[in-house]
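Student: predicted model and sequence below, questions to follow.
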Amino acid sequence: MKVLKKWEYSHGAPVECMCQADDAGEVVLGDLLGNIAYLNADGTLRWKKKVDYTPHSIVLSEDGAVIYVLTKNHYLIRMDREGKEEWDLWIMKNTFTLACMAKGQAAAVGGIQGSIQIINSRGKRAKLLHTREPATYVRFASRVGGLFVASAMGWVGIFDKHWKLRKEYHLRRHVAKLEVTCLGRKIFLPAREGGLVAIEVDKDDLLTYSTNFEVSSAAVDRKGERIIMVGAEGSATLLDSAGGELWRRRFDHSWLFSDMTIRGDKFVLVSDKGFVICNAILSVREAEKRLADSYFEFLEL
């Protein structure tokens, strides 16, 4: 297996939020200066616009056609692929995090007071959920529609497609992000004190992936068979589901965000200063062919 650099992009300002389209691979970025940039799957800039608000959290539908933006002043905005605003809705104060369903048919907005609002594609409130702890992170399992919620203190709640709380976990450790596989069978939570905690939901098994750095962000593929983890000091490592190291590199950048396509064929890293790098994951044979055609550069042999 080889990890090869596919493209890079400099946003020109520190990035506050980012998301990669799970299937298509487009990337959208938002910064504290009120800029939103949409990058095509090949890294070219489709558009960049200055908006009248500050993006706080941003998500894309799987195909990149729908964009949801949660602003610093607690508005939820829905855009199309060209950046045209379709509607906006004032949510409530203390909103923190954002997720959307695979086709953009609904968004979930989590709050630090333990509430989650489900907003449909027309901008109407469809459901209000309450959680035992602050809803610091929310994610949908794209293939089954379940909603997964985590607090910064390690509480995890799983809601089914009918919005009923099905399971809870209490990790009792600080976590930095929440990732879920497409079928909702595995949950991944980067631990602030180091490493990554994985929960196999059906078996209630817990596995910890150890690293020699504090994990700031992690992302997984469709089944959780490939896991990318990054740290603020510049480390990036790619693991398999058993914790085996597939690739590792130390960069000169401080990584804030990471995201991976559901196919597990590429991942994107974003630094604190707005530098974006997209990496392809290829077999040795695929890598040799690509390099022979001069499509990619090596990151690491």
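Tutor: Cool, got the structure. The structure displayed is predicted, hence computed values, not measured ones. Numbering: from 1, shown residues only.
Student: which SS class is Lys289?
Tutor: Applying DSSP: H, G, I helix; E, B strand; the rest coil to Lys289 yields a three-state assignment of helix.
Student: could you check how far it is from Gly43?
Tutor: Separation of Lys289 from Gly43 (Cβ to Cβ, to the nearest Å) stands at 20 Å. (Glycine included, C-beta is placed from N, CA and C.)
Student: can you check Phe148 too?
Tutor: From Phe148 to Gly43 the distance is 30 Å (Cβ to Cβ).
Student: between these two, which one's more packed in?
Tutor: Between Phe148 and Gly43, Phe148 has the larger neighbour count (other Cβ atoms under 10 Å), namely 23 against 17.
Student: so that one touches Ala135, yeah?
Tutor: No: Phe148 is beyond contact range of Ala135, at 10.4 Å (criterion: Cβ atoms under 8 Å).
Student: per-residue pLDDT, the spatially closest residue to Pro134 that is not a sequence neighbour?
Tutor: Excluding its sequence neighbours, the residue lying closest to Pro134 (Cβ to Cβ, 6 or more residues apart in numbering) is Ile112, at 4.2 Å. As predicted, Ile112 sits at a pLDDT of 86.
Student: how many neighbouring residues does Ile112 have?
Tutor: 16.
Student: mind listing what it touches?
Tutor: By Cβ atoms under 8 Å, 6 or more residues apart in numbering, the contact list for Ile112 reads Asn94, Phe96, Pro134, Ala135, Thr136.
Student: quick one, what contacts the second one?
Tutor: For Phe96, the contacting residues are Ser57, Gly110, Gly111, Ile112, Pro134, Ala135, Thr136, taking Cβ under 8 Å, 6+ apart as the criterion.
Student: what's the farthest-apart pair in those residues?
Tutor: With Cβ to Cβ as the measure, no two of the contacts of Phe96 lie farther apart than Ser57 and Pro134, at 14.5 Å.
Student: so where's the stretch 151-300 of the chain uncertain?
Tutor: For the stretch 151-300 of the chain, the stretches with pLDDT under 70 are 284, 286-288, 290-300.
Student: let's go with 90 and repeat that
Tutor: Applying pLDDT under 90 to the stretch 151-300 of the chain picks out residues 161, 172-173, 176, 191-195, 210-215, 282-300.
Student: now for Tyr137: which residues touch it?
Tutor: Applying Cβ under 8 Å, 6+ apart, the residues near Tyr137 are Thr97, Gly110, Val149, Ala150, Ser151, Ala152, Val175, Lys177, Leu178.
Student: buried among the residues you listed? Make that a PyMOL selection.
Tutor: With 16 or more other Cβ atoms under 10 Å as the burial test, the buried ones among these are selected in PyMOL as follows:
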select buried, resi 97+110+149+150+151+175+177+178
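Student: biggest separation within the contacts of Tyr137, which pair?
Tutor: Taking Cβ to Cβ as the measure, those span a maximum distance of 13.8 Å, between Gly110 and Val175.
Student: okay, and Lys103 sits in which element?
Tutor: Per DSSP states H and E: Lys103 is located in neither a helix nor a strand.
Student: can you tell me, leaving aside adjacent residues, what's nearest to it?
Tutor: Ser61 (5.6 Å).
Student: quick check: bridge partners of the residue nearest the centre of the chain?
Tutor: Closest to where the C-alpha atoms of the chain average out (Cα atoms, centre = their mean) is Asp259, at 5.1 Å. Assessed by DSSP bridges, Asp259 has beta-bridge partners Val268.
Student: I'd say it and Gly25 touch.
Tutor: No: assessed by Cβ under 8 Å, Asp259 is found out of contact with Gly25, at 9.5 Å.
Student: quick one: Asp221 from Leu239, how far?
Tutor: Asp221 sits 11 Å away from Leu239, taking Cβ to Cβ as the criterion.
Student: name the residues contacting each of these two.
Tutor: Ile227.
Student: helix or strand for Leu189, just tell me which one.
Tutor: Going by DSSP H and E, Leu189 is part of strand 186-190.
Student: how far away from the center of its chain is that strand?
Tutor: Counting by Cα atoms, centre = their mean, to the nearest Å, strand 186-190 is centred 12 Å from the centre of its parent chain.
Student: quick one: contacts of that strand?
Tutor: Contact with strand 186-190 is made by 148, 150, 154, 156, 169, 171, 175-180, 196-201, 215-218, 220, 223-224, 227, 229, as judged by Cβ under 8 Å, 6+ apart.
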